[in-house]
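Novice: The sequence and its predicted three-dimensional model are supplied below.
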Amino acid sequence: MSPPMAPPGWSRWLVPPAALSVHLSIGQAYAWSVFKPPLESALGLSGTQSALPFQLGIVMLGLSAAFGGTLVERNGPRWAMTVALCCFSSGFLLSALGAATEQYWLIVLGYGFVGGIGLGIGYISPVSTLIKWFPDRPGMATGIAIMGFGGGALIASPWSARMLESFGGDSSGIALAFLVHGLSYAVFMLLGVLLVRVPRNVPAVRGGTESAAARPAPAGPQVTAKQAIRTPQFWCLWVVLCMNVTAGIGILEKAAPMITDFFADTSTTVSATAAAGFVALLSAANMAGRIGWSSTSDLIGRKNIYRVYLGVGALMYASIALFGDTSKPLFVLCALVILSFYGGGFATIPAYLKDLFGTHQVGAIHGRLLTAWSTAGVLGPLIVNWIADRQEEAGRTGASLYGLSFAIMIGLLAVGFVANELVRPVHPRHHHVPAPRQEAVPDVERQQSESA
(Lines give C-alpha, C1' and ligand atoms only; values in the text may rest on other atoms or scores of the structure.)
Protein backbone atom coordinates (compact mmCIF):
# COMPACT_ATOMS: atom_id res chain seq x y z
CA MET A 1 0.00 0.00 0.00
CA SER A 2 1.81 3.09 -1.26
CA PRO A 3 1.73 6.22 0.91
CA PRO A 4 -0.95 8.67 -0.33
CA MET A 5 0.68 11.87 -1.61
CA ALA A 6 -1.02 15.12 -0.71
CA PRO A 7 -2.45 17.01 -3.70
CA PRO A 8 -1.46 20.65 -4.23
CA GLY A 9 -3.18 22.92 -1.72
CA TRP A 10 -3.74 20.15 0.85
CA SER A 11 -3.89 21.63 4.35
CA ARG A 12 -1.47 20.13 6.84
CA TRP A 13 -4.07 20.69 9.58
CA LEU A 14 -6.03 17.71 8.25
CA VAL A 15 -3.24 15.35 9.30
CA PRO A 16 -3.52 15.73 13.11
CA PRO A 17 -7.22 14.66 13.07
CA ALA A 18 -6.19 11.57 11.11
CA ALA A 19 -3.62 10.76 13.77
CA LEU A 20 -6.11 11.49 16.55
CA SER A 21 -8.62 9.00 15.15
CA VAL A 22 -6.06 6.26 15.68
CA HIS A 23 -4.67 7.43 19.02
CA LEU A 24 -8.06 8.08 20.60
CA SER A 25 -9.00 4.52 19.68
CA ILE A 26 -5.92 2.72 20.94
CA GLY A 27 -5.98 4.94 24.05
CA GLN A 28 -8.75 2.61 25.23
CA ALA A 29 -5.94 0.58 26.78
CA TYR A 30 -5.90 2.96 29.76
CA ALA A 31 -9.55 2.04 30.42
CA TRP A 32 -8.91 -1.70 30.80
CA SER A 33 -9.57 -1.48 34.55
CA VAL A 34 -13.29 -1.08 33.77
CA PHE A 35 -13.34 -4.71 32.60
CA LYS A 36 -11.33 -6.12 35.51
CA PRO A 37 -14.12 -6.50 38.13
CA PRO A 38 -16.70 -8.11 35.78
CA LEU A 39 -14.05 -10.47 34.36
CA GLU A 40 -12.97 -11.48 37.85
CA SER A 41 -16.59 -12.15 38.82
CA ALA A 42 -17.68 -13.88 35.61
CA LEU A 43 -14.60 -16.06 35.06
CA GLY A 44 -13.38 -16.47 38.64
CA LEU A 45 -10.09 -14.65 38.09
CA SER A 46 -7.72 -13.08 40.55
CA GLY A 47 -6.67 -9.45 40.30
CA THR A 48 -3.29 -10.49 38.91
CA GLN A 49 -4.91 -12.66 36.25
CA SER A 50 -7.36 -9.97 35.17
CA ALA A 51 -4.48 -7.52 34.71
CA LEU A 52 -2.60 -9.88 32.38
CA PRO A 53 -4.19 -8.71 29.08
CA PHE A 54 -3.28 -5.09 29.84
CA GLN A 55 0.27 -5.95 30.91
CA LEU A 56 0.86 -8.11 27.83
CA GLY A 57 -0.63 -5.37 25.66
CA ILE A 58 1.88 -2.80 26.97
CA VAL A 59 4.76 -5.23 26.50
CA MET A 60 3.65 -5.96 22.92
CA LEU A 61 3.24 -2.22 22.31
CA GLY A 62 6.93 -1.67 22.95
CA LEU A 63 8.08 -4.77 21.09
CA SER A 64 5.92 -4.23 18.02
CA ALA A 65 6.90 -0.56 17.87
CA ALA A 66 10.56 -1.56 18.08
CA PHE A 67 10.46 -4.32 15.46
CA GLY A 68 7.85 -2.67 13.25
CA GLY A 69 9.28 0.84 13.23
CA THR A 70 11.37 0.28 10.10
CA LEU A 71 8.37 -1.19 8.27
CA VAL A 72 6.30 1.85 9.22
CA GLU A 73 8.98 4.14 7.77
CA ARG A 74 9.26 2.03 4.62
CA ASN A 75 5.56 1.53 3.91
CA GLY A 76 4.12 4.81 5.14
CA PRO A 77 1.39 5.94 7.55
CA ARG A 78 -1.61 4.51 5.68
CA TRP A 79 -0.14 1.01 5.73
CA ALA A 80 0.72 1.37 9.42
CA MET A 81 -2.73 2.67 10.35
CA THR A 82 -4.36 -0.18 8.41
CA VAL A 83 -2.27 -2.78 10.24
CA ALA A 84 -3.11 -1.11 13.56
CA LEU A 85 -6.81 -1.10 12.70
CA CYS A 86 -6.81 -4.81 11.78
CA CYS A 87 -4.84 -5.92 14.84
CA PHE A 88 -6.55 -3.72 17.41
CA SER A 89 -10.07 -4.52 16.23
CA SER A 90 -9.29 -8.22 15.76
CA GLY A 91 -7.99 -8.29 19.32
CA PHE A 92 -11.39 -7.18 20.59
CA LEU A 93 -13.18 -9.71 18.37
CA LEU A 94 -10.99 -12.53 19.69
CA SER A 95 -11.64 -11.28 23.22
CA ALA A 96 -15.38 -11.32 22.53
CA LEU A 97 -15.09 -14.97 21.45
CA GLY A 98 -13.07 -15.76 24.56
CA ALA A 99 -15.61 -14.13 26.87
CA ALA A 100 -18.55 -15.82 25.13
CA THR A 101 -16.93 -19.26 25.46
CA GLU A 102 -15.39 -18.46 28.87
CA GLN A 103 -11.92 -19.19 27.54
CA TYR A 104 -9.77 -16.58 29.24
CA TRP A 105 -6.66 -17.49 27.26
CA LEU A 106 -8.43 -16.17 24.15
CA ILE A 107 -8.92 -12.80 25.86
CA VAL A 108 -5.23 -12.70 26.77
CA LEU A 109 -4.28 -13.69 23.22
CA GLY A 110 -6.73 -11.27 21.61
CA TYR A 111 -6.48 -8.12 23.71
CA GLY A 112 -2.94 -8.63 24.97
CA PHE A 113 -1.00 -10.14 22.05
CA VAL A 114 -2.89 -9.30 18.85
CA GLY A 115 -4.34 -6.03 20.16
CA GLY A 116 -0.96 -5.12 21.65
CA ILE A 117 0.61 -5.29 18.20
CA GLY A 118 -2.08 -2.87 17.03
CA LEU A 119 -1.21 -0.59 19.95
CA GLY A 120 2.47 -0.43 19.01
CA ILE A 121 2.07 0.02 15.26
CA GLY A 122 -0.78 2.50 15.75
CA TYR A 123 1.15 4.51 18.33
CA ILE A 124 4.09 5.23 16.01
CA SER A 125 2.12 5.31 12.74
CA PRO A 126 1.67 9.12 12.49
CA VAL A 127 4.84 10.34 14.25
CA SER A 128 7.25 10.63 11.33
CA THR A 129 4.54 12.06 9.05
CA LEU A 130 3.53 14.73 11.55
CA ILE A 131 7.12 15.84 12.06
CA LYS A 132 7.55 16.19 8.29
CA TRP A 133 4.35 18.21 8.03
CA PHE A 134 5.28 20.47 10.96
CA PRO A 135 9.06 20.99 10.85
CA ASP A 136 8.49 24.38 12.49
CA ARG A 137 6.52 22.98 15.46
CA PRO A 138 7.31 19.27 15.89
CA GLY A 139 6.56 19.22 19.63
CA MET A 140 3.09 20.65 19.14
CA ALA A 141 2.32 18.33 16.22
CA THR A 142 3.27 15.10 17.97
CA GLY A 143 1.65 16.38 21.17
CA ILE A 144 -1.71 16.73 19.43
CA ALA A 145 -1.65 13.13 18.25
CA ILE A 146 -0.19 11.53 21.36
CA MET A 147 -2.65 13.56 23.45
CA GLY A 148 -5.27 11.25 21.97
CA PHE A 149 -3.66 8.19 23.53
CA GLY A 150 -3.77 9.81 26.95
CA GLY A 151 -7.34 11.00 26.46
CA GLY A 152 -8.74 7.81 24.97
CA ALA A 153 -9.67 6.53 28.41
CA LEU A 154 -11.85 9.59 29.08
CA ILE A 155 -14.09 8.35 26.26
CA ALA A 156 -13.64 4.61 26.70
CA SER A 157 -14.14 4.41 30.49
CA PRO A 158 -17.70 5.79 30.75
CA TRP A 159 -18.65 4.22 27.40
CA SER A 160 -17.47 0.77 28.52
CA ALA A 161 -19.11 1.12 31.92
CA ARG A 162 -22.43 2.09 30.32
CA MET A 163 -22.28 -0.89 27.97
CA LEU A 164 -21.60 -3.29 30.82
CA GLU A 165 -24.55 -1.82 32.70
CA SER A 166 -26.77 -2.32 29.65
CA PHE A 167 -25.49 -5.72 28.51
CA GLY A 168 -24.75 -7.16 31.96
CA GLY A 169 -21.56 -8.07 33.75
CA ASP A 170 -21.72 -11.80 32.95
CA SER A 171 -19.63 -13.47 30.26
CA SER A 172 -22.17 -12.84 27.49
CA GLY A 173 -22.47 -9.16 28.40
CA ILE A 174 -18.69 -8.76 28.42
CA ALA A 175 -18.49 -10.53 25.05
CA LEU A 176 -21.06 -8.16 23.54
CA ALA A 177 -19.19 -5.13 24.92
CA PHE A 178 -15.94 -6.40 23.37
CA LEU A 179 -17.73 -6.95 20.05
CA VAL A 180 -19.12 -3.41 19.98
CA HIS A 181 -15.68 -2.03 20.83
CA GLY A 182 -14.01 -3.94 18.03
CA LEU A 183 -16.47 -2.87 15.35
CA SER A 184 -16.77 0.75 16.52
CA TYR A 185 -13.02 1.31 16.71
CA ALA A 186 -12.58 -0.22 13.27
CA VAL A 187 -14.90 2.40 11.78
CA PHE A 188 -13.33 5.26 13.70
CA MET A 189 -9.76 4.28 12.83
CA LEU A 190 -10.76 3.89 9.19
CA LEU A 191 -11.32 7.65 9.08
CA GLY A 192 -7.64 8.18 9.83
CA VAL A 193 -6.61 5.62 7.20
CA LEU A 194 -8.60 7.46 4.53
CA LEU A 195 -7.58 10.97 5.61
CA VAL A 196 -3.82 10.68 6.15
CA ARG A 197 -1.44 12.08 3.52
CA VAL A 198 2.34 12.47 3.19
CA PRO A 199 3.82 15.82 2.11
CA ARG A 200 5.40 16.74 -1.21
CA ASN A 201 8.79 18.43 -1.39
CA VAL A 202 7.80 21.48 -3.38
CA PRO A 203 8.55 25.21 -3.10
CA ALA A 204 6.81 27.08 -0.31
CA VAL A 205 3.68 29.12 -0.86
CA ARG A 206 1.51 31.10 1.50
CA GLY A 207 -1.62 29.90 3.20
CA GLY A 208 -0.52 27.07 5.51
CA THR A 209 -1.23 24.43 2.86
CA GLU A 210 0.71 21.31 2.06
CA SER A 211 3.38 23.01 -0.01
CA ALA A 212 4.15 25.59 2.66
CA ALA A 213 4.57 22.94 5.29
CA ALA A 214 6.34 20.33 3.24
CA ARG A 215 9.71 21.96 2.68
CA PRO A 216 12.57 19.76 3.81
CA ALA A 217 13.73 20.76 7.27
CA PRO A 218 17.03 22.61 6.72
CA ALA A 219 18.69 21.74 10.00
CA GLY A 220 20.03 18.66 11.67
CA PRO A 221 21.81 15.41 10.83
CA GLN A 222 20.08 12.42 9.29
CA VAL A 223 20.74 9.18 11.17
CA THR A 224 19.35 5.73 10.40
CA ALA A 225 17.63 3.66 13.06
CA LYS A 226 20.45 1.10 12.85
CA GLN A 227 23.04 3.78 13.55
CA ALA A 228 20.94 5.51 16.19
CA ILE A 229 20.92 2.56 18.57
CA ARG A 230 24.73 2.59 18.43
CA THR A 231 24.90 6.10 19.85
CA PRO A 232 25.06 7.05 23.54
CA GLN A 233 22.37 9.67 22.85
CA PHE A 234 19.81 6.95 22.10
CA TRP A 235 20.50 5.09 25.32
CA CYS A 236 20.53 8.27 27.38
CA LEU A 237 17.06 9.05 26.04
CA TRP A 238 16.02 5.43 26.68
CA VAL A 239 16.91 5.90 30.35
CA VAL A 240 15.21 9.31 30.43
CA LEU A 241 11.94 7.93 29.04
CA CYS A 242 12.02 4.79 31.18
CA MET A 243 12.56 6.74 34.41
CA ASN A 244 9.89 9.33 33.60
CA VAL A 245 7.32 6.69 32.67
CA THR A 246 8.12 4.54 35.69
CA ALA A 247 7.48 7.49 38.00
CA GLY A 248 4.21 8.39 36.31
CA ILE A 249 2.76 4.93 35.95
CA GLY A 250 3.63 4.19 39.57
CA ILE A 251 0.85 6.59 40.57
CA LEU A 252 -1.47 6.02 37.62
CA GLU A 253 -1.75 2.26 38.02
CA LYS A 254 -2.66 2.43 41.73
CA ALA A 255 -4.27 5.86 41.90
CA ALA A 256 -7.62 5.02 43.51
CA PRO A 257 -6.35 2.77 46.34
CA MET A 258 -3.37 5.06 46.87
CA ILE A 259 -5.37 8.19 47.68
CA THR A 260 -7.71 6.07 49.82
CA ASP A 261 -4.79 4.64 51.78
CA PHE A 262 -3.10 8.01 52.26
CA PHE A 263 -6.10 9.43 54.13
CA ALA A 264 -7.45 6.22 55.67
CA ASP A 265 -5.99 7.04 59.08
CA THR A 266 -7.17 10.66 59.06
CA SER A 267 -10.46 12.35 59.80
CA THR A 268 -10.94 13.15 56.11
CA THR A 269 -11.21 9.74 54.48
CA VAL A 270 -11.70 9.38 50.72
CA SER A 271 -14.81 7.66 49.37
CA ALA A 272 -14.82 5.30 46.39
CA THR A 273 -16.62 7.94 44.33
CA ALA A 274 -14.03 10.58 45.18
CA ALA A 275 -11.22 8.14 44.37
CA ALA A 276 -12.80 7.49 40.97
CA GLY A 277 -12.98 11.23 40.39
CA PHE A 278 -9.29 11.48 41.27
CA VAL A 279 -8.51 8.90 38.58
CA ALA A 280 -10.45 10.94 36.04
CA LEU A 281 -8.50 14.07 37.01
CA LEU A 282 -5.24 12.20 36.50
CA SER A 283 -6.36 11.13 33.02
CA ALA A 284 -7.17 14.74 32.18
CA ALA A 285 -3.75 15.88 33.44
CA ASN A 286 -2.10 13.12 31.43
CA MET A 287 -3.88 14.31 28.28
CA ALA A 288 -3.34 18.03 28.88
CA GLY A 289 0.36 17.51 29.58
CA ARG A 290 0.84 15.84 26.22
CA ILE A 291 -0.15 18.92 24.25
CA GLY A 292 0.77 21.63 26.78
CA TRP A 293 4.27 20.57 27.75
CA SER A 294 5.25 19.31 24.29
CA SER A 295 4.22 22.65 22.78
CA THR A 296 6.25 24.42 25.48
CA SER A 297 9.28 22.38 24.41
CA ASP A 298 9.15 24.12 21.02
CA LEU A 299 9.80 27.37 22.87
CA ILE A 300 12.33 26.41 25.55
CA GLY A 301 13.99 23.36 23.99
CA ARG A 302 13.73 19.64 24.58
CA LYS A 303 16.55 19.30 27.12
CA ASN A 304 15.12 22.10 29.26
CA ILE A 305 11.62 20.64 29.30
CA TYR A 306 12.97 17.27 30.43
CA ARG A 307 14.81 19.06 33.20
CA VAL A 308 11.37 20.21 34.33
CA TYR A 309 9.79 16.74 33.97
CA LEU A 310 12.50 14.99 35.96
CA GLY A 311 13.65 17.67 38.41
CA VAL A 312 10.27 19.11 39.36
CA GLY A 313 8.77 15.61 39.24
CA ALA A 314 11.21 14.50 41.94
CA LEU A 315 10.19 17.51 44.07
CA MET A 316 6.51 16.59 43.62
CA TYR A 317 7.16 13.04 44.78
CA ALA A 318 9.09 14.36 47.79
CA SER A 319 6.22 16.69 48.66
CA ILE A 320 3.71 13.84 48.60
CA ALA A 321 5.97 11.59 50.67
CA LEU A 322 6.60 14.26 53.32
CA PHE A 323 3.32 16.19 53.48
CA GLY A 324 0.81 14.36 51.27
CA ASP A 325 -1.25 12.85 54.10
CA THR A 326 -1.70 16.25 55.75
CA SER A 327 -3.45 17.98 52.85
CA LYS A 328 -5.69 16.55 50.15
CA PRO A 329 -5.25 19.57 47.85
CA LEU A 330 -1.46 19.20 48.07
CA PHE A 331 -1.64 15.47 47.35
CA VAL A 332 -3.95 15.96 44.37
CA LEU A 333 -1.98 18.90 42.96
CA CYS A 334 1.37 17.08 43.14
CA ALA A 335 -0.12 13.94 41.57
CA LEU A 336 -1.65 15.98 38.74
CA VAL A 337 1.70 17.64 38.02
CA ILE A 338 3.47 14.26 37.96
CA LEU A 339 0.88 12.83 35.55
CA SER A 340 1.12 15.89 33.31
CA PHE A 341 4.88 15.27 33.14
CA TYR A 342 4.19 11.60 32.41
CA GLY A 343 2.06 12.54 29.41
CA GLY A 344 4.37 15.36 28.35
CA GLY A 345 7.34 13.01 28.33
CA PHE A 346 5.63 10.72 25.83
CA ALA A 347 4.64 13.59 23.56
CA THR A 348 8.00 15.37 23.62
CA ILE A 349 10.27 12.40 22.96
CA PRO A 350 9.60 12.21 19.17
CA ALA A 351 10.64 15.86 18.77
CA TYR A 352 13.73 15.25 20.92
CA LEU A 353 14.64 12.35 18.63
CA LYS A 354 14.10 14.55 15.59
CA ASP A 355 16.46 17.18 17.03
CA LEU A 356 19.17 14.60 17.60
CA PHE A 357 18.78 12.18 14.70
CA GLY A 358 16.86 14.12 12.05
CA THR A 359 13.70 13.08 10.22
CA HIS A 360 15.21 10.34 8.02
CA GLN A 361 13.99 7.39 10.14
CA VAL A 362 12.60 9.12 13.22
CA GLY A 363 9.56 6.82 13.32
CA ALA A 364 11.72 3.70 13.41
CA ILE A 365 13.99 5.22 16.06
CA HIS A 366 10.94 6.18 18.12
CA GLY A 367 9.66 2.64 17.87
CA ARG A 368 12.88 1.21 19.22
CA LEU A 369 12.89 3.73 22.05
CA LEU A 370 9.43 2.62 23.16
CA THR A 371 10.94 -0.56 24.60
CA ALA A 372 11.62 1.77 27.52
CA TRP A 373 7.85 2.01 27.96
CA SER A 374 7.53 -1.79 28.06
CA THR A 375 10.17 -1.91 30.76
CA ALA A 376 8.58 0.90 32.77
CA GLY A 377 5.13 -0.66 32.39
CA VAL A 378 6.39 -3.63 34.38
CA LEU A 379 8.81 -1.77 36.67
CA GLY A 380 6.52 1.00 37.94
CA PRO A 381 3.55 -1.11 39.11
CA LEU A 382 5.93 -3.76 40.46
CA ILE A 383 7.76 -1.27 42.68
CA VAL A 384 4.62 0.32 44.10
CA ASN A 385 2.52 -2.83 44.53
CA TRP A 386 5.24 -5.16 45.82
CA ILE A 387 6.49 -2.68 48.42
CA ALA A 388 2.94 -1.80 49.52
CA ASP A 389 2.15 -5.50 49.98
CA ARG A 390 5.32 -6.05 52.02
CA GLN A 391 4.62 -2.98 54.19
CA GLU A 392 1.08 -4.15 54.80
CA GLU A 393 2.34 -7.58 55.86
CA ALA A 394 4.63 -5.77 58.31
CA GLY A 395 1.57 -4.13 59.88
CA ARG A 396 1.92 -0.65 58.42
CA THR A 397 -1.03 1.33 57.14
CA GLY A 398 -1.88 4.61 55.44
CA ALA A 399 0.82 6.73 53.82
CA SER A 400 3.59 4.54 55.28
CA LEU A 401 2.71 1.89 52.70
CA TYR A 402 4.25 4.08 49.99
CA GLY A 403 7.15 5.90 51.67
CA LEU A 404 9.86 3.53 50.42
CA SER A 405 8.46 3.26 46.88
CA PHE A 406 8.27 7.05 46.61
CA ALA A 407 11.90 7.32 47.71
CA ILE A 408 12.82 4.86 44.96
CA MET A 409 10.87 6.92 42.42
CA ILE A 410 12.77 10.06 43.45
CA GLY A 411 16.03 8.19 42.93
CA LEU A 412 14.92 6.97 39.48
CA LEU A 413 13.97 10.50 38.44
CA ALA A 414 17.40 11.66 39.56
CA VAL A 415 18.97 8.99 37.35
CA GLY A 416 16.87 10.23 34.44
CA PHE A 417 17.89 13.82 35.14
CA VAL A 418 21.57 12.88 34.93
CA ALA A 419 20.99 10.92 31.71
CA ASN A 420 19.31 13.97 30.17
CA GLU A 421 22.29 16.13 31.10
CA LEU A 422 24.59 13.71 29.29
CA VAL A 423 22.81 14.17 25.94
CA ARG A 424 25.06 15.81 23.35
CA PRO A 425 24.71 16.35 19.58
CA VAL A 426 25.25 13.15 17.60
CA HIS A 427 28.79 12.70 16.24
CA PRO A 428 29.01 13.16 12.44
CA ARG A 429 30.33 9.61 11.97
CA HIS A 430 26.78 8.37 12.65
CA HIS A 431 25.17 10.65 10.07
CA HIS A 432 23.46 8.87 7.18
CA VAL A 433 23.22 12.07 5.14
CA PRO A 434 25.76 14.80 5.98
CA ALA A 435 24.11 17.95 7.31
CA PRO A 436 24.39 21.05 5.07
CA ARG A 437 27.36 23.28 5.84
CA GLN A 438 25.18 26.37 6.28
CA GLU A 439 22.20 25.59 8.44
CA ALA A 440 20.46 26.57 11.61
CA VAL A 441 22.00 25.30 14.83
CA PRO A 442 20.14 22.15 15.98
CA ASP A 443 17.96 22.45 19.06
CA VAL A 444 20.12 20.23 21.24
CA GLU A 445 23.30 22.11 20.28
CA ARG A 446 21.66 25.41 21.13
CA GLN A 447 20.62 24.02 24.48
CA GLN A 448 24.20 22.94 25.15
CA SER A 449 25.52 26.44 24.51
CA GLU A 450 22.83 27.96 26.68
CA SER A 451 23.55 25.61 29.56
CA ALA A 452 27.32 25.94 29.34
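Specialist: Sure thing, it's come through.

Novice: Every contact and neighbour count from this point should use C-alpha atoms.
Specialist: Fine.

Novice: What residues sit buried inside the helix or strand hosting L85?
Specialist: Using DSSP states H and E, L85 falls within helix 77-101. The neighbour-count criterion (16 or more other C-alpha atoms under 10 Å) identifies 77-100 as the buried residues of helix 77-101.

Novice: Same question for stretch 403-419.
Specialist: Of the residues in stretch 403-419, those buried under the neighbour-count criterion (16+ other C-alpha under 10 Å) are 403-406, 408-410, 412-419.

Novice: May I have the secondary structure class of the nearest residue to V108 once chain neighbours are set aside?
Specialist: Sequence neighbours aside, P53 is the residue nearest to V108 in space, at 4.7 Å (criterion: C-alpha to C-alpha, 6 or more residues apart in numbering). Reduced to three states with DSSP: H, G, I helix; E, B strand; the rest coil, the structure at P53 is helix.

Novice: phi, psi of the residue of the chain most remote from its centre?
Specialist: No residue in the chain has its C-alpha farther from the mean C-alpha position than S267, which lies at 36.7 Å (C-alpha atoms, centre = their mean). With angles defined as degrees, to the nearest 10, S267 sits at phi -80, psi -10.

Novice: one step back: distance from the chain centre to the helix holding L85, please.
Specialist: Shown here is helix 77-101, whose average C-alpha point lies 19 Å from the average C-alpha point of the whole chain (C-alpha atoms, centre = their mean, to the nearest Å).

Novice: likewise stretch 392-408?
Specialist: Worked out by C-alpha atoms, centre = their mean, stretch 392-408 lies 28 Å from the chain centre.

Novice: circling back to that earlier point, quick one, what contacts the residue nearest to V108?
Specialist: Under the criterion of C-alpha atoms under 8 Å, 6 or more residues apart in numbering, the contact partners of P53 comprise 107-109, 111-113.

Novice: and what of A31?
Specialist: Applying C-alpha under 8 Å, 6+ apart to A31 gives the contacts 152-153, 156-157.

Novice: could I get those residues as CSV with distance to P381 and pLDDT?
Specialist: Output for the contacts of A31, formatted as CSV (distance: C-alpha to C-alpha, whole Å; pLDDT from 0 to 100):
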residue, distance to P381, pLDDT
G152, 21, 81
A153, 19, 76
A156, 22, 84
S157, 20, 80
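
Novice: where along this structure do the strands fall?
Specialist: In order along the chain, the chain carries no strands (DSSP state E).

Novice: pLDDT weak spots in it?
Specialist: Counting by pLDDT under 70, the ranges of the chain that qualify are 1-3, 47-48, 201-220, 272, 276, 432-452.

Novice: what about the spatially most central residue of the chain, distance to W293?
Specialist: For the chain, the residue whose C-alpha lies nearest the mean C-alpha position (C-alpha atoms, centre = their mean) is F346; its distance is 5.1 Å. Distance of F346 to W293, given as C-alpha to C-alpha, to the nearest Å: 10 Å.

Novice: Give me the buried positions along stretch 98-113.
Specialist: Those would be 98-100, 102, 104, 106-113, for stretch 98-113 by 16+ other C-alpha under 10 Å.

Novice: Need the contacts of A31 in CSV (columns: neighbour count and distance to I387).
Specialist: Converted to CSV, the contacts of A31 look like this (neighbours: other C-alpha atoms under 10 Å; distance: C-alpha to C-alpha, whole Å):
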residue, neighbour count, distance to I387
G152, 25, 30
A153, 26, 27
A156, 22, 30
S157, 19, 28
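
Novice: between the residues you listed, which is nearest Y185?
Specialist: For the contacts of A31, the minimum distance to Y185 (C-alpha to C-alpha) is 10.5 Å, reached by A156.

Novice: hang on, that closest one packs against S33?
Specialist: No: with contact taken as C-alpha atoms under 8 Å, A156 and S33 are classed as non-touching, separated by 10.7 Å.

Novice: how many other residues sit next to the closest residue to G168 other than its chain neighbours?
Specialist: Excluding the flanking residues, the one nearest G168 by C-alpha to C-alpha, 6+ apart is I174, at 7.2 Å. Neighbour count for I174, taken as other C-alpha atoms under 10 Å: 24.

Novice: looking at it, I174 is touching L164, isn't it?
Specialist: Yes: applying C-alpha under 8 Å as the test, I174 and L164 come out as touching, 6.6 Å apart.
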